[in-house]
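>>> show me the folded form of this:
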Amino acid sequence: MSSAPATTFHEAYPLKDLRPADYNPRHLSDEACARLQEPIGRHGVVKPVILNADGTLVAGHQRTKAMTALGMTHTPAVMLGTKVRLTDEIQFNLLHNRVETEASVV
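Model prediction:
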């Protein structure tokens with residue numbers, strides 16, 4: 001029985017090497033992006049982005065946009081050990097966005 005390649009953590013993955021997903025449905029207004037920059041600027045990046053094994057950004061599109069606006073060049077990242085299918089990648093992205101949005105509503 002063979003095991004799948006391990007998911008890897010990158011402490012400082014270059015933002016310039018990220019490949020944003022073409023399908024990303026979530027877009028922030030300039031005002032919302034500015035609000036997101038505040039805690040990142042104050043506390044740093046506390047939640048890594050998630051990458052497919054080919055470097056495609058699965059989760060963290062808006063955070064990387066805010067990091068870039070702040071002049072940051074690297075981000076913590078979790079890279080999946082194997083390339084997942086596009087349909088699974090999209091489903092994960094939608095679920096991840098919904099969970100984050102629901103959790104932020106008080």
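
>>> count of neighbours near residue 9?
Residues lying near residue 9 (other C-beta atoms under 10 Å) number 11. In this view, the C-beta of every residue, glycine as well, is placed from N, C-alpha and C.

>>> wait, it touches residue 49, no?
No: assessed by C-beta atoms under 8 Å, residue 9 is found out of contact with residue 49, at 11.2 Å.

>>> so what sits against both of these two?
Both residue 9 and residue 49 are contacted by 76, 77, 78, under the criterion C-beta atoms under 8 Å, 6 or more residues apart in numbering.

>>> name whatever forms a beta bridge with the last one.
The reference is to residue 78. Using DSSP bridges, the bridge partners assigned to residue 78 are residue 9, residue 50.

>>> ok, it - how many residues close by?
Neighbour count of residue 78, defined by other C-beta under 10 Å: 17.

>>> how close does it get to residue 11?
11 Å (C-beta to C-beta, to the nearest Å).

>>> and the first one, by the same measure?
Residue 76 sits 6 Å away from residue 11, taking C-beta to C-beta as the criterion.

>>> who has more neighbours out of those two?
residue 76 (16 against 9).

>>> pretty sure that one is touching residue 48, no?
Yes: with contact defined as C-beta under 8 Å, residue 76 reaches residue 48; the gap is 3.8 Å.

>>> surely residue 31 is within a strand?
No: in this structure, residue 31 is helix, not part of a strand, as judged by DSSP: H, G, I helix; E, B strand; the rest coil.

>>> thanks again, I'm all set now.
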